[in-house]
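[1] Provided below for reference: sequence and predicted model.
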Amino acid sequence: MAIANPVLSPAARSTQAPFVNEAFVDFTLALNKRLMQSALDEVENQLGREYDLVIGGRRLRTESKIVSTNPARPKQVVGIHSKAGTEHVQQAIDAAQTAFVSWSRTSATDRAGLLFRAAGLIRERKFEFCAWLVYEVGKNWGEADADVGETIDFLEFYGREALRLAGATTPIQFPGERNQLRYLPLGVGAVISPWNFPFAIMAGMTAAAIVCGNTVILKPSEDAPTIAARFVSLLEEAGLPDGVVNLCPGSGAEFGSALVEHPQTRFIAFTGSKTVGLQIHERAARTQPGQHFIKRTILEMGGKDSIIVDNNCDLDAAVQGVLASAFGFNGQKCSACSRAIVDAEVYNTFCDRLQTKVAEIKTGDPVENVYTGPVISEKAYRKVLGYLDIAKTEGVVINGGQAIETPEGGYYIAPTVVKDVAPTARIAQEEIFGPVLSVIRSKNFDDALAIANNTEYGLTGAIYSNSRENLERGQNEFHVGNLYLNRKCTGAMVGAHPFGGFNMSGTDSKAGGPDYLLLFTQAQSIAEKITKTSSTAEEQSDQMGM
Ligand SMILES: NC(=O)c1ccc[n+]([C@@H]2O[C@H](COP(=O)([O-])OP(=O)(O)OC[C@H]3O[C@@H](n4cnc5c(N)ncnc54)[C@H](O)[C@@H]3O)[C@@H](O)[C@H]2O)c1
Ligand SMILES: N[C@@H](CCC=O)C(=O)O
């Protein structure tokens, strides 16, 4: 199915044009609403299909399956996926290794071209991909569009970045030598992705790896394999050679860890939880028999992100920013605000205004495009409900605090605000990854900064303040990878907000930034002495001082 979007971008952008972020779809326009509705209808007709593993371009069907279901209606099957077991690891590595021989020698222009064509195809089918995200992970239309838009951005951005890297030179040419600096691919790598940005993060890590000449085994989340399968098919349509991306949905603990430990896996690009990220870090560090390189790990992990609300700020803007950051996609973002640290002078007013606004949030089936939908799975639902029990002992619940039951049995939890939470309380320290916000009172700005820095994480943070001095102090003292001033702490844009966290939030890889591709390469420096036989006419005349 190809649903074109005549409003936004009728044609793929010129690859020569400077990068610009993909425009968001305006769902208030009747035409876009209609296009989205018909995409939802068409995708609904495709739910429940079977998808195979893709290894070396061949489809492989397994007995064992991963069944992906709609979190809003858990009985609705989105896709049935062949499940890679540990026995598929070697097969996938071999296919990737074979493909590496030619893909690593393919020009940067051709590799970037693949990304640009894929971006163009996704742009043409934007509503269709949004619909898949609505069904598979419960995003509302705007959140789905942001995920699809970010995917296009990653493809367009990394394509251009690869061309830029291909033109790298040494800062100087040493007299009498010809000096080169080349960024070579690493080899075969693992891409292990989470379910919460199942398109953008999965496709972004994959695209970055392959545009540098690497080949990969892609292991998407068990909660979102369908979007990955559709992405790999689209890459094939865009001209992906066999074996460059090998799609292996599988269990993280089994297939994922076997892949990480394999002696031929040269790098692991992972985005997910702290616990799994640290396990990967440890396993990858252990040298396996036959391994002759140090594995590289690119690990982006969880967050416990704070917004500081200063006593002199625009309080309505702060309420709005906290609400959007805490409850956008039900707080299921690593960047989500789960701690509002509010100055004592404005604390009560802030809590009252926030309570009123949160009470207006509509929760329901994302197909209807409501603000918040279900959490991803029964496991997540149970985990968040467990934290709601803890919340009742650690603060005063002023919104939500319970599940919302529906006839379809969706995993809904009411947007929850807990005030008077101590900075060291469990709900103020542990990543809940659901619609639960703790509000913490601070004595003054110093106290607010100390509280903001008191978790093991360091991903995003924001400050609402009208004091230049405090905003500047925040820039020096609020220790997070992505700091936002007088705006929400979610919604990083490719190119503008390179994304990645400090401390236990990860290796600060800065996805969507100018340094990201370097992580997927090894730089080689070549120096050739200029001799009569090796030099060009120009170099010979330079040598002779002409
Ligand atoms: N920092 C970021 O950029 C960022 C972005 C998105 C999500 N996240 C984080 O991701 C988490 C939510 O995603 P999730 O629930 O999918 O995370 P997760 O860690 O449970 O799973 C992530 C991926 O790792 C795989 N996996 C699980 N165990 C493994 C193992 N032992 N070895 C190898 N792979 C294994 C999973 O199958 C999945 O594909 C949250 O903590 C969130 O903060 C971080
Ligand atoms: N990049 C996203 C968060 C990704 C993690 O979940 C944001 O900026 O909100």
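    All right, it came through fine. None of the values given here were measured: they were computed from a predicted structure. Ligands and ions are numbered 1, 2, ... in the order given.
[2] for the residue of the stretch 201-350 of the chain found nearest ligand 1, what are phi and psi?
    Closest contact between the stretch 201-350 of the chain and ligand 1, by Cβ to the nearest ligand atom, is at G252 (2.1 Å). The way it works is simple: take the backbone N, C-alpha and C, and place the C-beta from them, glycine included. With angles defined as degrees, to the nearest 10, G252 sits at phi -60, psi -50.
[3] who's in contact with the closest residue to A284 other than its chain neighbours?
    Among residues not flanking A284 along the chain, K295 sits closest, at 4.3 Å (Cβ to Cβ, 6 or more residues apart in numbering). Residues in contact with K295 (Cβ atoms under 8 Å, 6 or more residues apart in numbering) are T265, R266, F267, I268, A284, A285.
[4] mind pulling up the pLDDT for T533?
    pLDDT, T533: 73.
[5] tally of neighbours for it?
    5 (other Cβ atoms under 10 Å).
[6] swap in S82?
    Neighbourhood size, S82 [other Cβ under 10 Å]: 25.
[7] and N140, by the same measure?
    N140 is flanked by 26 other residues according to other Cβ under 10 Å.
[8] which parts of this protein sit against ligand 2?
    N196, F197, K333, C334, S335, T490, G491, A492, F499 (Cβ under 6 Å from any ligand atom).
[9] can you check which helix is longest in the protein?
    If you go by DSSP state H, the chain has its longest helix at helix 141-166.
[10] helices or strands up against the next helix or strand after that one?
    For helix 141-166, the following helix or strand on the C-terminal side (DSSP states H and E) is strand 177-185. Using 3 or more Cβ pairs under 8 Å, 6 or more residues apart in numbering; DSSP states H and E, the elements in contact with strand 177-185 are strand 521-529.
[11] at 10 Å instead, please
    Here strand 177-185 touches helix 141-166, helix 200-211, strand 521-529, going by 3 or more Cβ pairs under 10 Å, 6 or more residues apart in numbering; DSSP states H and E.
[12] hmm, the longest helix of the chain touching ligand 1?
    No. Against ligand 1, helix 141-166 shows no contacts by Cβ under 6 Å from any ligand atom, the least distance being 11.0 Å.
[13] buried ones in that helix, by neighbour count?
    Burial within helix 141-166, assessed by neighbour count using 16 or more other Cβ atoms under 10 Å, is assigned to 141-163, 165.
[14] likewise for stretch 458-473?
    For stretch 458-473, by 16+ other Cβ under 10 Å, it's G458, L459, T460, G461, A462, I463, Y464, S465, N470, L471, R473.
[15] now the residue most central in space within the chain: how far from R117?
    In the chain, the C-alpha nearest the mean C-alpha coordinate belongs to I201, at 3.2 Å (Cα atoms, centre = their mean). Distance, I201 to R117, using Cβ to Cβ, to the nearest Å: 21 Å.
[16] and what of R61?
    Using Cβ to Cβ, R61 is found at 28 Å from R117.
[17] more neighbours, the two?
    Set side by side, R61 and R117 show more neighbours around R117, with 20 against 10, by other Cβ under 10 Å.
[18] mind checking how far the nearest residue to that one once chain neighbours are set aside is from ligand 2?
    Using Cβ to Cβ, 6+ apart and skipping the chain neighbours, the partner closest in space to R117 is A238 (4.0 Å). Look at A238 and ligand 2: by Cβ to the nearest ligand atom, to the nearest Å, they are 24 Å apart.
[19] who are the contact partners of A238?
    Applying Cβ atoms under 10 Å, 6 or more residues apart in numbering, we find A238 in contact with G113, L114, L115, F116, R117, A118, A119, G120, L121, I122, L155.
[20] mind doing that once more with 6 Å?
    The contact partners of A238, by Cβ atoms under 6 Å, 6 or more residues apart in numbering, come to L114, R117, A118, L121.
[21] hang on, the third one packs against E156?
    By that I understand A118. No. Using Cβ atoms under 6 Å, A118 is not in contact with E156; the gap is 9.7 Å.
[22] spell out which parts of the chain neighbour ligand 1.
    So the chain meets ligand 1 at 192-197, 201, 219, 221-222, 252-253, 256-257, 260, 271-273, 276, 279-280, 300-303, 334, 431, 433, 459, 499, 501, 505-506 (Cβ under 6 Å from any ligand atom).
[23] please flag which of those residues sit within strands.
    When DSSP state E defines the strands, the subset of these inside them is I192, K219, T271, E300.
[24] returning to what we had before: mind giving me JSON lines with the helices and strands packed on strand 177-185 and columns for distance to G373?
    Shown next, in JSON lines, are the helices and strands packed on strand 177-185 (distance: least, Cβ to Cβ, whole Å):
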{"stretch": "helix 141-166", "distance to G373": "9"}
{"stretch": "helix 200-211", "distance to G373": "18"}
{"stretch": "strand 521-529", "distance to G373": "39"}
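[25] which pLDDT value belongs to the residue nearest to R117?
    98.
[26] do you know how far it is from A224?
    Separation of A238 from A224 (Cβ to Cβ): 21 Å.
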